[in-house]
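**Q** Sequence and predicted model, in that order:
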Amino acid sequence: MLDELVGKAKDYFNPQFASAFAQSAEHTIHHSIKQRIVMGRPSVKREFVSEGDIIGSLLMTDAAEKIQCRMQLSFRNETAFYLMDKMLGESVKQVSPAVKDLVGEMTNMIYCHARKILNETGSRFIMGIPQVRLKESALTTPKEQLSYVIPFVLAGVHDLWVEISVFQKQN
């Protein structure tokens, strides 16, 4: 079963799939605050725990392929606070309901843009509802799943990651 999963995961971790999420993160941040983010070197990891302090998580299902993915948008607290200031003009120093709402909305916007790109290639992902978690309650990718991690830097100092975990749909 793991070999089959790895084979299907390789299909979804192809450059076109990964590029959809990288492009979407770049597009969303640029259009939200008129600044560019710089992508680091992506990696595939097993038993992955999110790097950030606050994480927007969203399940995606491609029913035809019987694949389910989890996309996570993971921020250091300082990055989320920076976005609050740039997008909403609110200077914050701690995680609040407004910061959680912003992370959930950014997760949703990046997913929707990536979904549009992927739908043009024939994928038909069905969207879940974004959830926001703090690092203490972050989801760990089980060892039988793979995660594709795309790191970014915003304004030279603010870290964020787009993380995609692929697994077979539970029936």
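**A** Yep, it's here.
**Q** Give the pairing partners of the longest strand along the chain; include direction for each.
**A** Criterion DSSP state E: the longest strand present in the chain is strand 158-168. Strand pairing for strand 158-168, determined by DSSP bridges: strand 67-75 (antiparallel), strand 146-154 (antiparallel).
**Q** What ranges does the chain have for its helices?
**A** Under the criterion DSSP state H, the chain contains helices at 2-12, 15-33, 77-88, 97-119.
**Q** Which residues does the second one contact?
**A** Residues from elsewhere that reach helix 15-33, judged by CB atoms under 8 Å, 6 or more residues apart in numbering: 11, 35-37, 39, 42, 71, 73, 83, 86-87, 106, 109-111, 113-114, 117-118, 121, 148, 150, 152, 154, 160, 162, 164. (C-beta placed from N, C-alpha, C; glycine too.)
**Q** buried residues in it?
**A** 17-18, 20-22, 24-29, 33 (16 or more other CB atoms under 10 Å).
**Q** swap in the third one?
**A** By neighbour count with 16+ other CB under 10 Å, helix 77-88 contains the buried residues 77, 79-84, 86.
**Q** what sits against Thr79?
**A** Neighbours of Thr79 in contact, by CB under 8 Å, 6+ apart: 52, 154, 158-160.
**Q** how close does Thr107 get to Lys66?
**A** To Lys66, Thr107 is 24 Å away according to CB to CB, to the nearest Å.
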